[in-house]
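Chemist: got a predicted structure plus its sequence, pasted below:
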Amino acid sequence: MYLSRIEVDHDNRQKTRELTQLGAYHNWVEQSFPDEVADGSRLRHLWRLDKLGSDEFLLVLSENKPDLPELSRYGVAATAATKDYDSVLDSVTNGQHLQFRLTATPTHSVIKSGEKRGKVYQHVTVDQQRQWLIDHAETAGFKLEQMVDAGRDGPVRNNFDVVGRDRPILQHSHHKPVHLSRVSFEGVLVVTDAARFKETLVKGLGREKAYGMGLLTIIPKR
């Protein structure tokens, strides 16, 4: 696996004028793997947009290395980089405390009487979105680290929070545009099932993975 990053060149509006909705970013990512496009393999790529101050970066997790000139299509010159991600996956063990960042679209399903399939709704409030991550942690191979706010007798809470929320537009061909609930979480997690957690890192968490949701990244706890 490979993790790639490039700074999006928002200062060059002529270059990035096509990046008006999530589908355009999805197409950018897909076209960064011309060999897969040519042979029709079209492997799934996880990606997300990260803000660092006023700059925005595109992160891509992929099975194959992207074509850096294609990845640089809407990027700042000489900022594209790719690094091996297998060493990160190989280092994961049960009991590790890791800092994480996840961008996802928290949803829930409601099944009405007489219907076989539920209708999917996006969680709206911060409390709902926090609870969504808590509810999905165990099946994803981790739990949220517990911490005490103040003093030994202080309340215990999960060591993570929502650090970003917005509703970017997704436009499918021949369909009305929709707004996705995009939520970024940061905090500290504890690995409880290393095999399942590695699968989560590779396959993502939640819905709409093709459109910049679900990529979970980790670094050692400082």
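Modeler: Arrived safely, thanks for sending.

Chemist: all contacts plus neighbour counts: C-alpha atoms, from now on.
Modeler: Will do.

Chemist: not counting sequence-adjacent ones, nearest residue to Asp67?
Modeler: The shortest distance from Asp67 to any non-neighbouring residue, by Cα to Cα, 6 or more residues apart in numbering, is to Ser32 (5.4 Å).

Chemist: number of nearby residues for the one you found?
Modeler: 20 (other Cα atoms under 10 Å).

Chemist: what of Thr192?
Modeler: Counted with other Cα under 10 Å, residues neighbouring Thr192 total 20.

Chemist: which non-adjacent residue is nearest Ala195?
Modeler: Nearest to Ala195 is Gly141, by Cα to Cα, 6+ apart, at 7.5 Å.

Chemist: measure the one you found to Gly53 for me?
Modeler: 31 Å (Cα to Cα, to the nearest Å).

Chemist: okay, Glu7: pLDDT?
Modeler: pLDDT for Glu7: 97.

Chemist: in three-state terms, label it for me.
Modeler: Three-state call for Glu7 (DSSP: H, G, I helix; E, B strand; the rest coil): strand.

Chemist: surely it touches Leu52?
Modeler: No: Glu7 lies out of contact with Leu52 (Cα atoms under 8 Å); the separation is 9.8 Å.

Chemist: looking at those two, which is more packed in?
Modeler: Set Glu7 next to Leu52 and count neighbours by other Cα under 10 Å: Glu7 wins out with 23 against 9.

Chemist: any idea what the nearest residue to the more buried one once chain neighbours are set aside is bridged to?
Modeler: Of all residues not flanking Glu7 in the chain, Phe57 sits nearest, at 4.3 Å (Cα to Cα, 6+ apart). Taking DSSP bridges as the rule, Phe57 bridges to Glu7, Asp50.

Chemist: tell me which residues in the top helix by length along the chain are buried?
Modeler: Longest helix of the chain, by residue count under DSSP state H: helix 126-137. Buried residues in helix 126-137, counting neighbours by 16 or more other Cα atoms under 10 Å, are found at Gln129, Arg130, Trp132, Leu133, Ala137.

Chemist: what about the helices in the protein?
Modeler: 13-16, 22-31, 34-39, 68-71, 86-90, 126-137, 194-203.

Chemist: just name the closest of the buried residues of helix 126-137 to Gly114, please.
Modeler: Trp132 (26.2 Å; Cα to Cα).

Chemist: for Asp9, give me phi and psi.
Modeler: Here is the backbone geometry of Asp9 (degrees, to the nearest 10): phi -90, psi 70.

Chemist: can you lay out the buried residues of helix 126-137 as a markdown table showing distance to Leu216 and pLDDT?
Modeler: Below are these laid out as a markdown table (distance: Cα to Cα, whole Å; pLDDT from 0 to 100):
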| residue | distance to Leu216 | pLDDT |
| --- | --- | --- |
| Gln129 | 16 | 97 |
| Arg130 | 15 | 97 |
| Trp132 | 15 | 97 |
| Leu133 | 12 | 97 |
| Ala137 | 12 | 97 |
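
Chemist: among the residues you listed, which pair sits farthest apart?
Modeler: Across the buried residues of helix 126-137 (Cα to Cα), the longest gap, 12.6 Å, separates Gln129 and Ala137.
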